[in-house]
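# Okay, sequence plus prediction incoming.
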Amino acid sequence: MSRENVLVSAAWSEENLQTPGVVFAEVDEDTTAYDGGHIPGAVKIDWKNELQDPIRRDFVDREGFEKLLSAKGISNDDTVILYGGNNNWFAAYAYWYFKLYGHNDVKLLDGGRKKWELDGRPLDKEEVTREATSYKAQEQDLTIRAFRDEVVDAIGKKNLVDVRSPDEFSGKLLAPAHLPQEQAQRAGHIPSAVNVPWSKAANEDGTFKSNDELREIYAEAGFDGSRKTIAYCRIGERSSHTWFALRELLGHEDVKNYDGSWTEYGSLVGVPIELGSGKEA
Amino acid sequence: MSDSCGAPVQGGTVEVSTTETVLQGKVVSGGAPVGGAYVRLLDSTGEFTAEVVSSPEGDFRFFAAPGSWTVRALHRTGNGQADVSAEGPGVHAVEIAVA
C-alpha cells in the first residue's frame, strides 16, 4: 500500500481545491467548526446526524448512504478527500465507512483541520452546494468490520489493539480525559489486548508518523504481524485512526475495526474483562 | 453520558462531582485570550492524554485524575505549555501563555 494512495498533504490539498473530480469533505461530530470556517469548497458531513442511524445503534443502511452521498454531490468516481477536527478521528471513521460501502477512491488529508489551521491555510464560510448525483453504494464489506461475538472469540487468538489512553485501558478512567467520567459500563479492557493509544500514531500537529516509526511502535507493543487484528476504542472512531495506520499505511491485510468498542463490550453480561496495565500477563 | 468521544465546547461552567479532578484555564498571549488553540493534556511521562480546542475566550477543560500534568497549547501564532499538579479531586486552574 502506497502512502500516496490513501493520504494527501495539506500543501497538495491547497493546490487541488479546484481540481475537477476531487471533492473535499469535512467530517465531525460537532459541525460548528465547519460552520465557523471550512476549507474552500468542502462539503460538510455530520458524523452523528448523517452517518448514524437515528434510532438503533448502527450505521445508515446502504440506501441511506446512497441518498446521503447523492445529496452531497459526490459521484462514485470522485476522489474524496476527508478531513476533520479531533486529529481526524471522525474523518478516519468516515474513511473506513466509505470503504465499508465500497467507495473506490477516498483519502485522508494528513493532519486534518489542525494541521491546516496551524499552517495558517485559508478557510471560508461560503455555503457549498454541489449538483446532486446518483450515487451507488455496495453491500457492506464486512472484512473490515468486527462484531461482538467475533471479538470475544478473538481473545488470545488475534491481535486485539486497544487504542484508548493507558488510564482507560487499565480501568482508571471510563472515557478520554476531555469528557465527564459518568458512564454505565464496566471499566477495563478485553483480555489479551495490547494497549497502543491512537495518539502514538500521530505527530503533535496531527499528521501520521512515518511507516518506519509506526512499525516500531506496534512491534514494541507486542503486535504480531502474522495474526489477524481487531482494533477498538470506546465508540470506534479513535480505532478507525489506528485501523487506517495498520491497514492503509502499513498494509496489514486482515484488520477490522470494532465499532461497538468499549461502550458495547463493557456493557455485555458475562464476558471476561481484564484490569490493570495488562503487561504483567 | 457522552455517546461520542469528540471534544465538547469549551468554556462556561460545569458541575464537578466530588470525585472528579478537573484541570481548566485559559490560553493567553500578551494577556489577551487565544481562541482556537489546540490544547494537549500530557501525563507525567509526557505521554499524550487528551486534546481540546480553546473557546473564543481561550478557555479549556480536562477531566483528569489526581497527579502531575502538563498542558501544552499549539496555535498558528506560537506554542506554549504549563505544568499543573492536581493533588486531589476538585477544580485546578492553570494558564498557558503562547508566543
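Structure's in. What do you need? Quick caveat, the model's predicted, so the values are computed rather than measured.
# In terms of pLDDT, where does residue 25 sit?
You didn't pick a chain, so chain A it is. Note on A:A25: pLDDT of 98.
# Chain B is the one I meant
Confidence at B:G25, expressed as pLDDT, is 96.
# helix or strand for it, which one?
Assessed by DSSP states H and E, B:G25 sits inside strand B:21-29.
# residues from the stretch 101-250 of chain A in reach of chain B?
Contact residues, the stretch 101-250 of chain A versus chain B (CB under 8 Å from any CB of the partner chain): A:114, A:117-120, A:165-167, A:172-173, A:175-184, A:197, A:199, A:204-205, A:233-235, A:237-238. For the C-beta atoms, the positions are set from N, CA and C on the backbone; glycine is no exception.
# Show me those residues that map onto strands.
Per DSSP state E, strands hold no members of these.
# Got a ChimeraX select line for the buried ones in those residues?
The following ChimeraX line selects those of those that are buried, judged by 16 or more other CB atoms under 10 Å in any protein chain shown:
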select /A:114,117,118,165,166,167,173,175,176,177,178,179,180,181,183,197,199,204,205,233,234,235,237,238
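# ok, A:A132 - how many residues close by?
13 (other CB atoms under 10 Å in any protein chain shown).
# ok, back up a step: name the helices or strands packed onto the strand holding B:G25?
If contacts are counted by 3 or more CB pairs under 8 Å, 6 or more residues apart in numbering or on different chains; DSSP states H and E, strand B:21-29 sits against strand B:59-64, strand B:67-75, strand B:78-86, strand B:90-97.
# got the CA coordinates for it in PDB?
This file holds the C-alpha atoms of strand B:21-29, laid out as PDB (Å, rounded to 0.1, in the frame of the first residue of the first chain):
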ATOM      1  CA  THR B  21     -10.500  16.100  39.000                       C
ATOM      2  CA  VAL B  22     -10.900  19.000  36.600                       C
ATOM      3  CA  LEU B  23      -8.000  20.900  35.100                       C
ATOM      4  CA  GLN B  24      -9.100  24.100  33.400                       C
ATOM      5  CA  GLY B  25      -7.900  27.500  32.500                       C
ATOM      6  CA  LYS B  26      -7.100  29.900  29.600                       C
ATOM      7  CA  VAL B  27      -4.700  30.200  26.700                       C
ATOM      8  CA  VAL B  28      -3.300  33.700  26.600                       C
ATOM      9  CA  SER B  29      -0.900  35.800  24.500                       C
END
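# In JSON lines: the helices and strands packed on strand B:21-29, plus mean neighbour count.
Below are those laid out as JSON lines (neighbours: other CB atoms under 10 Å in any protein chain shown):
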{"stretch": "strand B:59-64", "mean neighbour count": "24"}
{"stretch": "strand B:67-75", "mean neighbour count": "20"}
{"stretch": "strand B:78-86", "mean neighbour count": "16"}
{"stretch": "strand B:90-97", "mean neighbour count": "16"}
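# out of the ones you listed, which comes closest to chain A?
Proximity to chain A (CB to the nearest CB) singles out strand B:59-64 among those, at 4.9 Å.
# Restrict the closest one to CA atoms and write it as CSV.
The C-alpha trace of strand B:59-64 is given here as CSV (Å, rounded to 0.1, in the frame of the first residue of the first chain):
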residue,chain,number,x,y,z
ASP,B,59,-10.9,28.5,27.8
PHE,B,60,-10.1,24.8,28.0
ARG,B,61,-11.1,22.0,30.4
PHE,B,62,-10.0,18.4,31.1
PHE,B,63,-11.5,15.7,33.3
ALA,B,64,-8.3,14.0,34.5
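# So for it, mean pLDDT?
Taken as a whole, strand B:59-64 has a mean pLDDT of 92.
# same deal with stretch B:43-50?
Averaged over stretch B:43-50, pLDDT sits at 89.
# Okay, buried residues for it please.
Here stretch B:43-50 shows B:D43, B:F48, B:T49, B:A50 as buried, counting by 16+ other CB under 10 Å.
# Which residues does that stretch contact?
Residues outside stretch B:43-50 that contact it (CB atoms under 8 Å, 6 or more residues apart in numbering or on different chains) are A:165-167, A:176-178, A:197, A:199, B:7, B:40-42, B:62, B:64, B:67-70.
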